[in-house]
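Participant: Fold the following, please.
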Amino acid sequence: FWRISTQTYITTFIAQFLIGLAMAALSSNAPKLIAQWFNGKAMGFAMGLYVACATIGSMVAMATSNLFSGIRQAYLMAAIIICVSAIIWILLVRNNPAAPKQTADNTLKYMKNVIGSKNLWLASFAAFFNMGALLTAGNFAVVGFISKGIDPVVAGLMGSITAACSLVGNIILPTVLAKTGHRKVGCIVTAIAGGIISAIGYCMPFSVGSMVIFCLGYFITAGCLPVIKSYPALIKDIDPKAVGSAGGLQSTLQNLGAFLLPSYIIAAICGSNYNAIFIGVCISFIITAIIACFLPSCDNENDKTD
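Facilitator: Purely as a prediction, here's the structure:
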């Protein structure tokens with residue numbers, strides 16, 4: 001609510017920083033919270049739904065942004081939504097009675113365990129390249145379509161369709177991978193196949209067929225991130241009490257990838273060549289898959305719950 005009335009850059013920066021703290025806390029502790037209620041094969045669907053809901057929120061926000069007459073009105077609506085979300089959280093959130101009891105220990109106590117986990121670092125760098133690839137594709141898809149001479153309305157529609165394909169993939173593919181017991185292999189395959197297919201579809205001359213291929217690539221790549229986001233709760237050498245800190249490390253690298261890759265790496269190298277940008281997206285997905293090759297499978301972890 002403070003952000004609505006800010007008049008200077010520094011106060012806007014501080015208000016945004018405080019909002020970012022809440023976002024980081026949620027993202028960091030999501031694996032810990034979800035693992036309390038869903039483990040084993042059920043975690044694939046739960047994490048996929050969590051990631052998909054973030055996609056839905058982004059889609060709704062972008063689709064309704066032109067309804068606001070100014071930035072203050074947009075900030076007001078955002079503040080109301082955050083407030084309502086906080087109330088719903090307070091009323092509905094519950095700890096799982098069957099989960100191990102946890103005390104509010106000092107986070108620093110577990111940082112040595114977190115920082116010393118090679119597998120967590122691998123999962124974090126995989127999230128860095130995966131999120132960077134997703135954000136780059138999302139940022140440049142519509143403007144790239146327009147640069148190809150496509151009507152802006154049609155380009156916007158294609159952006160919405162590809163986001164919807166990603167949303168469906170977020171839910172379906174991680175569930176299938178968890179059920180079949182092939183999380184790691186599925187993560188590798190979806191990253192490589194989805195990245196290549198979406199790049200081919202984008203670089204082809206625009207047609208219904210090319211857009212079907214592009215959307216298929218989006219659908220497939222969506223199976224990767226929920227699997228990677230599950231790893232802080234699945235890695236054996238992470239203390240169960242340190243999962244929140246582990247999620248924090250992964251979220252930090254993930255957000256860094258979302259910040260650096262789109263504008264400061266891929267776009268800086270490729271300029272306004274949008275075909276090259278989507279080849280860069282494909283390369284980022286392939287790097288994600290290469291890193292995932294060195295992750296443990298974790299396919300038989302905690303399979304007590306379906």
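Participant: Ala199 contacts Ala276, correct?
Facilitator: No - contact criterion C-beta atoms under 8 Å: Ala199 and Ala276 do not qualify, at 10.1 Å. The C-beta positions use only the backbone N, C-alpha and C, and glycine is treated the same way.
Participant: Comparing the two, which residue is more hemmed in?
Facilitator: Ala199 (23 against 15; other C-beta atoms under 10 Å).
Participant: Tell me how many other residues crowd Met131.
Facilitator: 25.
Participant: distance of it from Ser251?
Facilitator: Distance, Met131 to Ser251, by C-beta to C-beta, to the nearest Å: 10 Å.
Participant: thought Ile161 was touching Leu216?
Facilitator: No - when contacts are counted by C-beta under 8 Å, Ile161 is not listed as touching Leu216 (11.4 Å).
Participant: So these two - more neighbours on which side?
Facilitator: Under the criterion of other C-beta under 10 Å, the comparison of Ile161 against Leu216 puts Leu216 first, with 19 against 15.
Participant: so what's Ile10 up against?
Facilitator: By C-beta atoms under 8 Å, 6 or more residues apart in numbering, no residues touch Ile10.
Participant: Please disregard the earlier target; I meant Leu177.
Facilitator: Contacts of Leu177 by C-beta under 8 Å, 6+ apart are Gly44, Arg183, Gly186, Cys187, Gly223, Val227.
Participant: Now name the helix or strand holding it.
Facilitator: Per DSSP states H and E, Leu177 falls inside helix 152-180.
Participant: And that helix, how far out from the chain middle?
Facilitator: Helix 152-180 sits 13 Å away from the centroid of its parent chain (C-alpha atoms, centre = their mean, to the nearest Å).
Participant: which other residues reach the helix or strand Ile90 falls within?
Facilitator: Assessed by DSSP H and E, Ile90 sits inside helix 71-92. Residues outside helix 71-92 that contact it (C-beta under 8 Å, 6+ apart) are Phe1, Arg3, Ile4, Ile19, Ala22, Ser65, Phe68.
Participant: of those, buried ones?
Facilitator: Arg3 (16 or more other C-beta atoms under 10 Å).
Participant: Just the ones of the contacts of helix 71-92 in helices?
Facilitator: Ile19, Ala22 (DSSP state H).
Participant: Mind putting the contacts of helix 71-92 into CSV with distance to Tyr231?
Facilitator: Formatted as CSV, those follow (distance: C-beta to C-beta, whole Å):
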residue, distance to Tyr231
Phe1, 36
Arg3, 33
Ile4, 38
Ile19, 26
Ala22, 23
Ser65, 33
Phe68, 38
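Participant: what's the closest of the contacts of helix 71-92 to Ala35?
Facilitator: Ala22 (20.8 Å; C-beta to C-beta).
Participant: Distance of the closest residue to that closest one other than its chain neighbours relative to Leu26?
Facilitator: Once flanking residues are discounted, Ala22 sits nearest to Ile82: 7.7 Å by C-beta to C-beta, 6 or more residues apart in numbering. Noted for Ile82: a distance of 11 Å to Leu26, by C-beta to C-beta.
Participant: How far away from the center of its chain is stretch 250-259?
Facilitator: 10 Å.
Participant: avg pLDDT for that stretch?
Facilitator: The average pLDDT for stretch 250-259 rounds to 88.
Participant: Give the buried residues for the helix holding Ile90.
Facilitator: Ala74, Tyr75, Ala78, Ala79.
Participant: Stretch 291-299 too?
Facilitator: Under 16+ other C-beta under 10 Å, the buried positions of stretch 291-299 are Ile291, Ala292, Leu295, Pro296, Cys298, Asp299.
Participant: tell me the phi and psi of Phe38?
Facilitator: Reported as degrees, to the nearest 10, the phi and psi values for Phe38 are phi -130, psi 120.
Participant: host element of the nearest residue to it once chain neighbours are set aside?
Facilitator: Distances taken as C-beta to C-beta, 6+ apart place Ala46 nearest to Phe38, at 4.0 Å, with adjacent residues excluded. When elements are defined using DSSP H and E, Ala46 is found to belong to helix 42-64.
Participant: packing partners for that helix?
Facilitator: In terms of contacts (3 or more C-beta pairs under 8 Å, 6 or more residues apart in numbering; DSSP states H and E), helix 42-64 is packed against helix 9-37, helix 152-180, helix 224-234.
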